[in-house]
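# Okay, here's the prediction I keep looking at, along with the sequence it came from:
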Amino acid sequence: MGVNLQANMLEAVSMILFGIGFGNLLLQKNLIKKIIGLNIMDSAVYLFLAEKGYIRGRVAPIVVDGVQSVSAYINPIPSGLVLTGIVVSVSVSALMLSLTIRLYRRYHTLDLDQISMMMKREE
Amino acid sequence: MDFVCNFPFFSILLTLFSGTICSMLPRRAAKWVNTGVILAAGGMSLALLIWMLSGGECFVYRMGHFPAPWGNEIRAGILEAAMALFFCLIMLLSMWGGRKKLDEEVEESKHNLYYVLVNLLLSSLLALVYTNDLFTAYVFVEINTIAACGLIMIRQIGRTLAAAVRYMIMSLVGSGLLLIGLCMLYDLTGHLLMSNIREQVEVIMAEGTYAIPLVITVALMVVGLAIKSALFPFHAWLPDAYGYSTISSAAILSSLASKGYIFLLIKIIYRVIGFTVFNNTHIINVLFVFGLMAMVFGSLSAIKESGIRRMIAFSSVAQVGYIYMGIGLGTKVGMVASVYHIFAHAAGKALLFIAVIGLTDVSGFSRRFIDQTGAGFRNKIAGIGFTVGSLSMVGVPVFAGFVSKILFAQAAVNNSRKLLPTMIVLAVSTILNAIYFMKTVIRIYTPAPDCGFEGVALRKEKLYALSILLFIALNIALGMSSQPVVDAISTGLDMFG
Amino acid sequence: MNGAVWILASIGVPVVMGLVLLCVPSIRKRSAVVGITAAGLIMTAVSVFAAVGSGAGSVTLWYLAKGVPVYFQIDSVGQLFASMVTLVWLCGGAFAFSYMKHEENEKWYYGCYLLVYGIVNGLDFSGNIVTFYMFYELMTILSFPLVLHSRSREAIMAGLRYLFYSFCGAYLVLFGIYFLYRYGTTLTFTADGVLDPQLTAGRESFLLFVAFLMILGFGVKAGMFPLHGWLPVAHPVAPAPASAVLSGIIVKSGVLGMLRVVYYLFGTAFLRGSWVQYVWLSLALFTVFMGSMLAYRERVLKKRLAYSTVSQISYILFGLAVMNQTAFTGSMLHVVCHACIKSGLFLVAGAVIVQTGKTRVEELTGIGKEMPVLLWCYTICSLALIGIPPTGGFLSKWYLAMGALEGNALPVFGWLGPVVLLVSALLTAGYLLPVTIRGFFPGQGFDYGNLQKREPGVAMLLPILILTSVSVFAGMFPSALVRFLGGMLW
């Protein structure tokens, strides 16, 4: 168990982070904290991907000194995926934040429960 | 390779770029571009479908110049083409039906944005239908979410904003699970293309070394997609989102956006995990149980609801339950029934949403049930549309819903273990459906001579009437000549294999 | 081929005419509405009789799903039911032309009336169970506007109840169809049943259960206990001519459904002697007795007639459940007689409402002095329903009792059946004849001074007279009819 954990420390960390982010996104009442949770969750996934895509002792597949052997480089796709993922999560966070601003302007609170109560009162 | 084979790629690209163009055009032009693009995408899907049916094989389309394990791919078969065609059709009719309401409810400066979002949504749906690559699927799932969120909040009132936030949060939870699931799958198999993953999955299952992680991975992805498509316990965001957004959005979201995720799930089941592997896990039983619960509880919530639009929204929860129940039956017939129900529900539910707006408009814009008294007389075409949609949802012969019920039951008969619960819940759900839909139909046809609301002449709403008539025709066509559709679905599923 | 065309015409013509009436807003004048309705009724009647007369023919329209076509054919059962429907529908329509004058939304009524006519024709000529089911559901939905014609709160509640019972029943039937699809060779109605002996081997008890569910499901429409609750509520709230066809014809579709299921799908050989037959017999007998008792206690004339329908339909079901030729003949005779008699009675009740506005039995004192012809019709119909010779009702009950006693095939029901039928006949006399007695002999203390001639016009009387005379003549000259009915299956 201990040895396994040590060998896969980054995976374990990323899973724990994912859990933290997921829990925050789901359970927090404050919208900003929810968004923070979302970002933690996404970052955990990217950490996981980056870790899985890296092989110790190899370098990024950029040919500098003429070495063209496959065993010298890592697969670039996971890194590419991380980049794509970051773009997606940035745009989603931006959208969430803009929504939050609108809601805050209208209701002057960040608490979703309070907002629904106010909405009921409006009607 | 025939020229037709380029069409899936063209249609995705066309819709994607027309979205960008729409944001710069004047309002009227954007409207026409939007209609034209949906028509063009639909036409291309139709051409593809005809080509497929007249003997074309399913094909894989390479994007860029990288061969299989590295490059990105599009794959098209009969089912994909049919699904794309259907999505375009429903999208077009929903836009027509909600056009007038859109002009009234949404600020003029935002109309362009609306068309942008619709085009983006269509493009992401087409991509979800056609893609052969899991990560591409994830990206378009997110685009779909963002576009859908925009469609909800384009009508800027408190309810829609809050609904959009709730929708966003649930969707992000879902896509987070999907993302981690597919990263783990990538880790286990080393591939992102569906067909390659499938080969590796078979190897893993044969060796039996990573069976449990694989099951967990699959479970994460399935749960993620189930959350996004509003399966029963995760439906909290749905009633407000469908109930208060502008009507085209409600129709599009309920009949298309959630169905795109379900179609992706079916694709993952067939093309990534493998039907038999998936059937041997317990995930399928979980889906089955939640499907059944959705059918009952969705209908019960709909009965309790006092607002007519929220009632229809809750009915969507029940109908999504039918689809998951069909998947949960674990037979090919069940899957055919589910796919057919995607069609049937999309046709019926979009019709209901479009019709209901006509009814509420002639009832002083009130959504309350009691104010709809006699609305069927004040707006005749909407009344007829609502009645047809209701009958289809209840499962009366001649309309689409009946055929899907027959198909579900035929599928259940083949599975002796799940036979009894399916039959009982189908019966209960049919009766519950009948209760709230028939109650509404009677309400709208109860004369209310002194209600003080003005009726509306058919002449003034030609486009609206046209879209409702086409929806009715679609429902009847699906219900009367279901055999070709079912055959096409069946062959399409075989092509997945 | 000819038969096929006439079948389609008998379904298509009234449906199209009905849709024209409902959908074309420019038809407003009463004369135009009545003219179109009359033309539709007559054209349809001609096509029905042409189809019945052509004797044979079948047509497949299209396929709903694999092996499930929409298929029509003419067979003896279809001929009998279609002719009966046409007779009653024409009379009801003719009566409605004068009755509906005092109701609103006439156009709506006539449109639905025509639509349901076409649907019922489709039901009678259906060649397989799925087509049958399709028309059965459509009939439920389209006859629904007839029930809630007045749109009062009472009518809406009654209509809702009608709808829920019908949907529950239809679902039970649909449930059975799924299994027939699985265990049968075909879904087409075939004289000795369609069960595939190889597939059914070992699953007999389960299939018996399925058969029972289907019988129960069609029992909803036929008003069989325990699912009869909608009938006494829904029939009386409709306008009188609609009640007449609801009680005379629509309930018979449940009978037709059971007949098709038992005799043409499962086959009598499969069901005879099983628990299903005995449960069915007991339910039918219990309903006969219960319906009569309830009718006896009811005070509103139309409701009393509706309870009477509950009881009388179960006579027919009893005959079907006995499953031999004599009882079957009795059943079919009673189908014809009851259709004419009950429609006639409802039309009488309608005429009384139009002329006097009275609905309760005790108010009807002395109406025989005011409307002698009408009350004579009522009396003759009542006598026929009770089963006094030489009317048709006597003959059908005679055959039913003979069938039950025949060959000692049924242990207890052989004697119990006829006894219950007899008791119920007495009760029938008890609840129908007081109207006659008080109508003609109002007794002492009756104010003769207020009497005025209130006999309804010929347009109203004629349909009633026709129905009354058919119910009498069926009993007086029965041989050809009995021969036809007896030869339907044997």
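Arrived safely, thanks for sending.
# from the chain's centre, how far out does stretch B:287-305 sit?
18 Å (CA atoms, centre = their mean, to the nearest Å).
# So what touches that stretch?
Stretch B:287-305 is contacted by residues B:222, B:226, B:231-233, B:235, B:239, B:311-312, B:314-330, B:418, B:421-422, B:425-426, B:428-429, B:432-433, B:435-436 when judged by CB atoms under 8 Å, 6 or more residues apart in numbering or on different chains. Backbone N, C-alpha and C define where each C-beta goes, glycine included.
# Write the PyMOL selection for whichever of those residues are buried.
Buried residues within those, by 16 or more other CB atoms under 10 Å in any protein chain shown, are selected in PyMOL with:
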select buried, chain B and resi 222+226+231+232+235+239+311+312+314+315+316+317+318+319+320+321+322+323+324+325+326+327+328+329+330+418+422+425+426+428+429+432+433+435+436
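# Inside strands: which ones of the contacts of stretch B:287-305?
Secondary structure from DSSP state E places none of these in strands.
# now for the helix or strand hosting residue B:160, which elements pack on it?
Element membership for residue B:160, per DSSP states H and E: helix B:158-189. With contacts taken as 3 or more CB pairs under 8 Å, 6 or more residues apart in numbering or on different chains; DSSP states H and E, helix B:158-189 sits against helix A:9-27, helix A:31-53, helix A:77-107, helix A:112-122, helix B:134-153, helix B:194-207, helix B:211-228, helix B:238-244.
# and that helix with helix B:211-228, angle?
Using axes from the mean of the first three to the mean of the last three CA atoms, to 10 degrees, the direction of helix B:158-189 lies 160 degrees away from that of helix B:211-228.
# Now do helix B:158-189: distance to the chain's middle.
With CA atoms, centre = their mean, you get 17 Å for helix B:158-189.
# now stretch C:284-301
17 Å.
# returning to that earlier point: now, the contacts of stretch B:287-305 that are in helices?
B:222, B:226, B:239, B:311-312, B:314-328, B:421-422, B:425-426, B:428-429, B:432-433, B:435-436 (DSSP state H).
# Of those residues, which ones also sit close to chain C?
residue B:435 (CB under 8 Å from any CB of the partner chain).
# Give the burial count for residue 111, as a bare number.
Picked chain A for this. Neighbours of residue A:111 under the rule other CB atoms under 10 Å in any protein chain shown: 14.
# You answered for a different chain; I wanted chain C.
Count around residue C:111 with other CB under 10 Å applied: 26.
# That one: what's it in contact with?
C:18, C:19, C:21, C:22.
# Likewise for residue B:144?
Residue B:144 neighbours (CB under 8 Å, 6+ apart): B:121, B:124, B:125, B:128, B:257, B:260, B:261.
# List the buried residues for the host helix or strand of residue B:296?
Per DSSP H and E: residue B:296 is located in helix B:283-304. Neighbour-count burial for helix B:283-304, with 16+ other CB under 10 Å as criterion, is recorded at B:283-284, B:286-302.
# For it, give the mean pLDDT please.
Helix B:283-304 carries an average pLDDT of 92.
# Same question for stretch B:364-379.
Here the average pLDDT along stretch B:364-379 is 81.
# got a list of contacts for the helix or strand encompassing residue C:43?
Following DSSP H and E, the helix or strand that holds residue C:43 is helix C:30-54. With CB under 8 Å, 6+ apart as the contact definition, helix C:30-54 has outside contacts at C:2-3, C:6-7, C:9-10, C:13-14, C:17-18, C:20-21, C:27, C:57, C:74, C:79, C:82-83, C:85-86, C:89-90, C:93, C:97, C:106-107, C:110, C:113-114, C:117-118, C:121, C:125.
# Go again with 7 Å.
Counting contacts by CB atoms under 7 Å, 6 or more residues apart in numbering or on different chains, the residues outside helix C:30-54 that touch it are C:2-3, C:6-7, C:9-10, C:13-14, C:17, C:20-21, C:27, C:74, C:79, C:82-83, C:86, C:89-90, C:93, C:97, C:106-107, C:110, C:114, C:117, C:121.
# those strands in chain C, which residues are they?
According to DSSP E, the strands that chain C contains are C:58-65, C:68-73.
# closest one to chain A among those?
strand C:58-65 (42.7 Å; CB to the nearest CB).
# List the contacts of residue B:122.
Contacts of residue B:122 (CB under 7 Å, 6+ apart): B:15, B:38, B:41, B:91.
# With secondary structure, distance to residue B:117 and neighbour count added, can I get those in JSON lines?
Shown next, in JSON lines, are those (DSSP: H, G, I helix; E, B strand; the rest coil; distance: CB to CB, whole Å; neighbours: other CB atoms under 10 Å in any protein chain shown):
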{"residue": "B:15", "secondary structure": "helix", "distance to residue B:117": "12", "neighbour count": "26"}
{"residue": "B:38", "secondary structure": "helix", "distance to residue B:117": "13", "neighbour count": "25"}
{"residue": "B:41", "secondary structure": "helix", "distance to residue B:117": "16", "neighbour count": "29"}
{"residue": "B:91", "secondary structure": "helix", "distance to residue B:117": "12", "neighbour count": "27"}
